[in-house]
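Q: What follows is a predicted structure for the sequence shown.
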Amino acid sequence: MSSAQPIELNVKGMTCQGCVNAVTRVIKRVDPAATVRIDLASGRVEALTSATGDLLAKAISAGGYEAVARHEPV
Ligand SMILES: [Cu+2]
């Protein structure tokens, strides 16, 4: 994987801190070095990671949430 970059995802279906923790765990499983920030109210997920947004979206979706990577520049 390449060097860490900021990526952004929109995640639907998170309703509580447990969901936030679950999504964080999924991201950390893909990239243990990732820094993750999640806003529960908006479903906005920011990560500093060497993984791609699409890869994370796929992993989060497999975990039961609806995740879409944002490709607009942050
Ligand atoms: Cu929850």
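A: Yes, it's here.
Q: Every contact and neighbour count from this point should use C-alpha atoms.
A: Will do.
Q: Mind listing the residues bridging to the closest residue to residue 8 other than its chain neighbours?
A: Among residues not flanking residue 8 along the chain, residue 46 sits closest, at 4.6 Å (C-alpha to C-alpha, 6 or more residues apart in numbering). Counting by DSSP bridges, residue 46 forms beta bridges with residue 8, residue 37.
Q: List the residues that contact residue 46.
A: 6-9, 36-38 (C-alpha atoms under 8 Å, 6 or more residues apart in numbering).
Q: what does this protein have sitting close to the ion?
A: By C-alpha under 5 Å from the ion, the part of the chain that sits against the ion consists of 15-16, 18-19.
Q: repeat that for 8 Å
A: Contact residues (C-alpha under 8 Å from the ion) of the chain with the ion: 14-20.
Q: any idea which of these has the most stuff around it?
A: Neighbour tally across the residues of the chain next to the ion (other C-alpha atoms under 10 Å): the maximum, 20 neighbours, falls on residue 14.
Q: Test my guess that it contacts residue 66.
A: No. Counting by C-alpha atoms under 8 Å, residue 14 does not reach residue 66; the two are 9.0 Å apart.
Q: Do I have it right that residue 47 meets residue 34?
A: Yes. With contact defined as C-alpha under 8 Å, residue 47 and residue 34 form a contacting pair (6.4 Å).
Q: quick revisit: top of the contacts of residue 46 by neighbour count?
A: residue 8 (25 neighbours).
Q: can you map out the helices along this structure?
A: Under the criterion DSSP state H, the chain contains helices at 17-30, 53-62.
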